[in-house]
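*Asks:* Need coordinates for the following:
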Amino acid sequence: LTVGNPWPEMVKFHPTAWHCIHPSFIRNEVLISSLRLQTMPDVVLLHNPEFFLTERMIQGGKPEESTQSEFYKRIESAFEALEELVEEGKIGAYGISTNPHGCQWSCTGHVNTAEATSTERLVDAATMAAARRGKSRHNFKVIQMPWNLLEPNAAHDGDTPGAIAQARSLGLDVMVNRPINAIPPPGFHTGDWSRASAHIKLRDQKPKPPSLALLTNVCQEALLDCGVNAYGRDLSELALMISMSVPGNSVTLVGATQDQYLRQVIKVLDAGRVSEDAAIAVVRKLRALLGEIEAGALH
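*Replies:* Predicted coordinates:
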């Protein structure tokens with residue numbers, strides 16, 4: 001790549017943030033990652049390719065079907081490049097990190113409508129990419145999406161199973177991100193007005209804000225109803241325990257950067273998962289609570 005000759009199909013959704021999933025860019029990034037790791041990556045994920053939809057939204061409102069078609073065409077081309085890399089033995093499999101339909105918020109923190117991806121169409125794109133390589137089965141194995149106590153819809157969405165269960169039904173393993181770093185619904189505040197961040201850390205604080213105390217109590221009471229005594233556990237421990245127990249979730253990603261947080265992760269791993277029924281009970285209680293808070297905020 002030379003100066004003045006950028007990667008093809010560059011998405012410029014922010015003055016300081018550009019994005020690309022063109023096959024040539026993917027091949028270059030896999031090569032760089034392999035050299036840095038000094039081994040073949042087991043799985044390569046496309047990171048939020050829906051920034052393409054974000055760019056189109058900025059340019060002129062809600063993306064039309066023609067924009068959606070172009071988006072999935074680009075996904076298919078990217079997946080074909082990843083299928084080639086699997087054939088060449090340069091990666092083990094591939095996947096995507098995205099905010100699909102069923103997640104409350106988009107990759108840019110908006111209500112997840114115009115920027116949402118369709119897991120079914122992603123799998124269709126992988127099937128087409130594999131077919132173009134002369135294969136009947138694709139190597140699209142993993143989808144990563146956000147889930148936490150303040151964004152529970154992906155695990156249980158009213159009368160439907162949710163985005164996580166849908167992904168599993170399509171043969172994908174699910175990785176959950178942001179189990180501690182949550183985007184709150186309207187009306188949910190911790191009282192710390194000095195911070196401009198749109199995210200809330202699901203950790204105990206001193207003094208503990210009433211909103212986080214309420215969240216902790218709701219989780220503990222729902223678990224106790226299912227025979228699990230979680231009283232005395234830190235909010236972050238509850239968040240991790242429930243996240244790793246959500247039906248269909250294979251992996252919870254944790255970015256622990258301090259010893260105390262790593263010790264909490266180990267403590268949760270030692271305790272193990274709660275039952276799926278217990279996790280679902282917590283999700284239902286959370287949805288009810290957050291629905292009441294949001295309804296009150298909108299009146």
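
*Asks:* List the contacts of the helix or strand of the chain at the bottom of the mean pLDDT ranking.
*Replies:* Least confident helix or strand, the chain: strand 11-14 with a mean of 85, by mean pLDDT, DSSP states H and E. Residues from elsewhere that reach strand 11-14 (Cβ atoms under 8 Å, 6 or more residues apart in numbering): Trp18, His19, Cys20, Phe51, Phe52, Thr54, Glu55, Ile58, Thr108. Backbone N, C-alpha and C define where each C-beta goes, glycine included.

*Asks:* residue boundaries of the strands in the stretch 101-250 of the chain?
*Replies:* For the stretch 101-250 of the chain, the strands defined by DSSP state E, counting those that start in this stretch cover 140-146, 173-177, 181-182, 200-201.

*Asks:* want to try a markdown table for those strands, with mean neighbour count as columns?
*Replies:* Putting the strands of the stretch 101-250 of the chain into a markdown table (neighbours: other Cβ atoms under 10 Å) gives the following:
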| stretch | mean neighbour count |
| --- | --- |
| strand 140-146 | 22 |
| strand 173-177 | 20 |
| strand 181-182 | 20 |
| strand 200-201 | 20 |
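
*Asks:* and of the ones you listed, who's closest to Glu276?
*Replies:* Closest of the strands of the stretch 101-250 of the chain to Glu276 is strand 173-177, at 13.7 Å (criterion: Cβ to Cβ).

*Asks:* Which positions within the least confident helix or strand of the chain qualify as buried?
*Replies:* For strand 11-14, the neighbour count (16 or more other Cβ atoms under 10 Å) marks Val11, Phe13 as buried.

*Asks:* Assign a three-state SS to Trp18, would you?
*Replies:* At Trp18, secondary structure determined by DSSP: H, G, I helix; E, B strand; the rest coil is strand.

*Asks:* That one and Lys267, how far apart?
*Replies:* According to Cβ to Cβ, to the nearest Å, Trp18 stands 40 Å off from Lys267.

*Asks:* correct me, but Leu235 touches Thr216?
*Replies:* Yes. The criterion here is Cβ atoms under 8 Å, and Leu235 meets it with Thr216 at 5.0 Å.

*Asks:* where's the dip in pLDDT among the contacts of strand 11-14?
*Replies:* Across the contacts of strand 11-14, the smallest pLDDT goes to Ile58, namely 84.

*Asks:* Quick one: residues in contact with the strand or helix carrying that one.
*Replies:* Assigned by DSSP states H and E, Ile58 belongs to helix 51-60. If you take Cβ under 8 Å, 6+ apart as the criterion, helix 51-60 is touched by 11-13, 17, 19, 63, 67-68, 70-71, 74, 106-108, 114-115.

*Asks:* Mark which of the residues you listed are buried, thanks.
*Replies:* 11, 13, 19, 63, 67-68, 70-71, 74, 106-108, 114-115.

*Asks:* Next, the contact list for Asp234, please.
*Replies:* Neighbours of Asp234 in contact, by Cβ under 8 Å, 6+ apart: Arg203, Asp204, Gln264.

*Asks:* Dump those into JSON lines; add distance to Arg121, neighbour count and pLDDT as well.
*Replies:* Output for the contacts of Asp234, formatted as JSON lines (distance: Cβ to Cβ, whole Å; neighbours: other Cβ atoms under 10 Å; pLDDT from 0 to 100):
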{"residue": "Arg203", "distance to Arg121": "36", "neighbour count": "17", "pLDDT": "89"}
{"residue": "Asp204", "distance to Arg121": "41", "neighbour count": "15", "pLDDT": "88"}
{"residue": "Gln264", "distance to Arg121": "38", "neighbour count": "21", "pLDDT": "89"}
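
*Asks:* Can I get those residues in TSV including distance to Ser34?
*Replies:* Listed next are the contacts of Asp234 as TSV, based on distance: Cβ to Cβ, whole Å:
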residue	distance to Ser34
Arg203	36
Asp204	41
Gln264	33
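
*Asks:* now, which of these sits nearest Ser33?
*Replies:* Among these, Gln264 lies closest to Ser33 (Cβ to Cβ), at 29.5 Å.

*Asks:* related to what we said a few turns ago, ok, which pair from the contacts of helix 51-60 is furthest apart?
*Replies:* Farthest apart among the contacts of helix 51-60 by Cβ to Cβ are Ala17 and Gln68. That separation is 22.0 Å.

*Asks:* Where does Ser69 sit: helix, strand or coil?
*Replies:* Following three-state DSSP, we place Ser69 in the helix state.

*Asks:* mind showing which ranges of this structure have poor pLDDT?
*Replies:* 1-5, 61-63, 157-159, 191-197, 297-299 (pLDDT under 70).

*Asks:* show me the contacts for the closest residue to Leu214 other than its chain neighbours.
*Replies:* Once flanking residues are discounted, Leu214 sits nearest to Leu289: 7.4 Å by Cβ to Cβ, 6 or more residues apart in numbering. Neighbouring residues of Leu289 by Cβ under 8 Å, 6+ apart: Leu214, Leu215, Val218.
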